[in-house]
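Engineer: output the structure for:
(chains A and B, ligands or ions: 2)
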Amino acid sequence: MRKAKQWIGINLMLVFTLIVAAFLGIVVYDLLYKGSSVISFEFVFDFPRNGNTEGGIWPATVGTALVTLITALFSIPLGVGAAVYLNEYAKENWMTQLIRASIRNLAGVPSIIYGLFGVAIFVNGLGFGASVLAAGMTLGLLTLPYIITTSEEALKTVPDSYREGALALGATKWQAIRTNVLPNAVPGILTGAILGLSRAAGETAPILFTGALYYLRYLPQSVFDPFMVLPYHLYILSTQHHAMEEVRPLAYGTALVLISLILLLNISAFILRYRFRKAQMR
Amino acid sequence: MSMSENLDAAKLKVRDLRLSFGDKEVLKGISMDIPEKEIVALIGPSGCGKSTLLRAINRMHDLVPIARVSGEIFLDGKNIYDKELDVVDIRRRIGMVFQKPNPFPKSIAENVAYGLKIAGGTSGKNLQDVIKTSLEGAALWDEVKDSLDKSGLALSGGQQQRLCIARAIAVKPEIILMDEPTSALDPISANKVEKLMLELKKDYTIIVVTHNMQQAQRVADRTAFMYLGEVIEYRPTRELFESPIHDLTKNYISGDFG
Ligand SMILES: Nc1ncnc2c1ncn2[C@@H]1O[C@H](COP(=O)(O)OP(=O)(O)OP(=O)(O)O)[C@@H](O)[C@H]1O
Ligand SMILES: [Mg+2]
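Structural biologist: Numbers count the residues shown, from 1 in each chain, chains lettered A, B, ... in the order given. Ligands and ions are numbered 1, 2, ... in the order given. Okay, the predicted model is just below:
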């Protein structure tokens, strides 16, 4: 009887897991099936023509890469710094509790709110205008709580004996963190950061008002220029376009490129993590 | 407490040391003198405060927010809890080897060089020399000389502990604190570490926590028996084991509790 129950339990979980995996499989299959026909060198590396009905999505790909880069440059150092402070330095008191609670709540704020905030602070307040910089930083804010939380978790997994061992050899607290704690938290931090960036790269709402345009015949020349991005392009093609049916394959192709970019991001994280572990273990 | 010969020149003097975690008093007024270049063993039942006392000696409790310390510990006549003194400097003079071997996930050479590197100003050739002499000092050189760039984690438990000892002596401390350094080791490795301690005594003052009565008798010049946060009896090792004064000590070393 107990055995039977266990058997049912295990298999039920297996079924659930398969269902989740199946969803992913269906999405990828559908995209490949309907989108792969439009994928060509021209589609990826050419500018759009004729109001997005012809040509490629190069500016959107470049825009997504640039904005994500800004997001990473802004949110990773800030997020990891905050996590180090919270986990290594902050005393456990009501202030710290409050900060932690705020960070958790920030993670639950709808992304459109970040968009509006970005307009107020970065576009207008700091005068960045609707630009790569403003959008990247807006997405950075959105990613921050996520990076702080996962980085803190990663720091917690570093055993105290690494800290104490360093201190006992005459290291200052910061030296112990820099040489013995952070390097061992990097794999965890990286995983969190990449997942956070992947989410950000697929967001539309926060960049809607902060610099994303739907049709550009040139690449941004500086971080203060507006740009195109893949998710917004996809949104336009599939819901706002005057010839929606006609451009449907282009939409699928765009989605395929977006997913591939994110996959690439995850693979590079995987490789980096592997390299890092190997360098440490030897 | 019977005191003898070179205690006037004690390297380390603990005076009425009290320590509590929150409202729990764990050390209740410890006073003892540790002479230079001797081995002092701390014995006593689990939870009596041996590790706490040891960690107080290189200010490891600074990291624990709820720990409150009062009293004094004089190192060469200077109170290490004095606000004027630099805690980093104290920890460089008073090294520590932990119960569980804790090599860093770095190469053997990097583990040994760690203390010197963070102190700054030790370069190439010199550093190689220190790595070699420290590993020799820890009786590990012959076993690892061909694999200095292998990870310290790839060593056996006993080798890891000797690596940690090498790492500690590389910074040339004056005192080495050891918290049950052999409890995680097999008898052969434990034996090597014991031999090593006797060797190290020529240059260093050693304070060692141990649950192993035989070990205390084999290595220690003096032994302190602790009970519920107090030092009950602190005497030359042989005297303490052959003619304990207190009943508590007698019971403990005859194995009636603990
Ligand atoms: N960081 C801490 N916070 C709160 N209480 C602590 C802390 N460290 C130790 N204690 C308490 O202090 C008391 C003494 O602990 P300590 O580790 O010094 O004992 P010990 O003599 O080393 O024991 P053992 O032989 O088991 O290692 C114990 O009751 C322990 O629970
Ligand atoms: Mg202990």
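
Engineer: need the residues of the stretch 51-200 of chain B near chain A, please.
Structural biologist: B:58, B:60, B:63, B:65, B:88-89, B:91-92, B:95-96, B:98, B:100, B:102, B:104-107, B:114-115, B:118-119, B:149-151, B:153-154, B:164, B:167-168, B:171 (C-beta under 8 Å from any C-beta of the partner chain). Placement of C-beta: from N, CA and C, glycine included.

Engineer: hmm, try it at 6 Å
Structural biologist: Applying C-beta under 6 Å from any C-beta of the partner chain, we find that the stretch 51-200 of chain B lies next to chain A at B:65, B:88, B:91-92, B:96, B:102, B:104-105, B:114-115, B:118, B:150-151, B:171.

Engineer: out of the residues you listed, which are buried?
Structural biologist: With burial judged by 16 or more other C-beta atoms under 10 Å in any protein chain shown, the buried subset of these is B:88, B:91, B:92, B:96, B:102, B:104, B:105, B:114, B:115, B:118, B:151, B:171.

Engineer: now intersect these with the helices, please.
Structural biologist: Judged by DSSP state H, helices contain the following of these: B:88, B:91, B:92, B:114, B:115, B:118.

Engineer: in the stretch 151-258 of chain B, what residue comes closest to chain A?
Structural biologist: residue B:151 (4.8 Å; C-beta to the nearest C-beta).

Engineer: per-residue pLDDT of that residue, please?
Structural biologist: Residue B:151 is assigned a pLDDT of 91 by the prediction.

Engineer: please apply the same query to the one 5 residues further on.
Structural biologist: Per-residue confidence for residue B:156 comes out at a pLDDT of 91.

Engineer: could you do residue B:3 as well?
Structural biologist: Note on residue B:3: pLDDT of 45.

Engineer: distance of residue A:22 relative to residue B:241?
Structural biologist: For residue A:22, the distance to residue B:241 equals 71 Å [C-beta to C-beta, to the nearest Å].

Engineer: who has more neighbours out of those two?
Structural biologist: The neighbour comparison of residue A:22 against residue B:241 (other C-beta atoms under 10 Å in any protein chain shown) goes to residue B:241, with 20 against 11.

Engineer: tell me the contacts of that one?
Structural biologist: Residue B:241 sits next to B:217, B:253 when contact means C-beta atoms under 6 Å, 6 or more residues apart in numbering or on different chains.

Engineer: which SSE is it in?
Structural biologist: Following DSSP states H and E, one finds residue B:241 within helix B:237-242.

Engineer: may I see the buried residues of that helix?
Structural biologist: Across helix B:237-242, burial judged by 16+ other C-beta under 10 Å covers B:237, B:240, B:241.

Engineer: how about the residue of the stretch 1-150 of chain A found nearest chain B, secondary structure?
Structural biologist: Residue nearest to chain B within the stretch 1-150 of chain A: residue A:91 (5.9 Å; C-beta to the nearest C-beta). Assigned state for residue A:91: coil (three-state reduction, DSSP: H, G, I helix; E, B strand; the rest coil).

Engineer: please apply the same query to residue B:148.
Structural biologist: For residue B:148, the assignment made with three-state DSSP gives coil.

Engineer: again with residue A:109
Structural biologist: Of the three states, residue A:109 takes coil under three-state DSSP.

Engineer: is there a neighbour count for it? I'd like the number.
Structural biologist: Residues near residue A:109, counting by other C-beta under 10 Å, number 13.

Engineer: how about residues contacting stretch A:175-193?
Structural biologist: Residues from elsewhere that reach stretch A:175-193, judged by C-beta under 6 Å, 6+ apart: A:76, A:88, A:147, A:150-151, A:154-155, A:158, A:162-163, A:166-167, A:269, A:273, A:276, B:104, B:118.

Engineer: which of the residues you listed fall in helices?
Structural biologist: Those of these lying in helices (DSSP H): A:76, A:147, A:150-151, A:154-155, A:162-163, A:166-167, A:269, A:273, A:276, B:118.

Engineer: how near is residue B:67 to chain A?
Structural biologist: Using C-beta to the nearest C-beta, to the nearest Å, one obtains 13 Å as the distance from residue B:67 to chain A.

Engineer: per-residue pLDDT, that residue?
Structural biologist: Value for residue B:67, per-residue pLDDT: 93.

Engineer: SS state for the closest residue to it other than its chain neighbours?
Structural biologist: Excluding the flanking residues, the one nearest residue B:67 by C-beta to C-beta, 6 or more residues apart in numbering or on different chains is residue B:61, at 4.0 Å. With three-state DSSP as the basis, residue B:61 sits in helix.

Engineer: just checking, residue B:61 touches residue B:70?
Structural biologist: No - with contact defined as C-beta atoms under 6 Å, residue B:61 does not count as touching residue B:70 (11.9 Å).

Engineer: the more surrounded of these two?
Structural biologist: Taking neighbours as other C-beta under 10 Å, residue B:61 and residue B:70 compare with residue B:61 leading, 17 against 12.

Engineer: and the gap between the more buried one and chain A?
Structural biologist: Distance from residue B:61 to chain A, by C-beta to the nearest C-beta: 11 Å.

Engineer: so where's chain A shaky on pLDDT?
Structural biologist: Flagging of chain A using pLDDT under 70 yields the residue ranges A:279-282.

Engineer: hey, where'd the strands end up in it?
Structural biologist: A:48-49, A:54-55 (DSSP state E).

Engineer: mean neighbour count, those: which tops it?
Structural biologist: Comparing the strands of chain A by mean neighbour count (mean count of other C-beta atoms under 10 Å in any protein chain shown), strand A:48-49 ranks first with a mean of 18.

Engineer: report the strands that pair with that one, each with its relative direction.
Structural biologist: Strand pairing for strand A:48-49, using DSSP bridges, gives strand A:54-55 (antiparallel).
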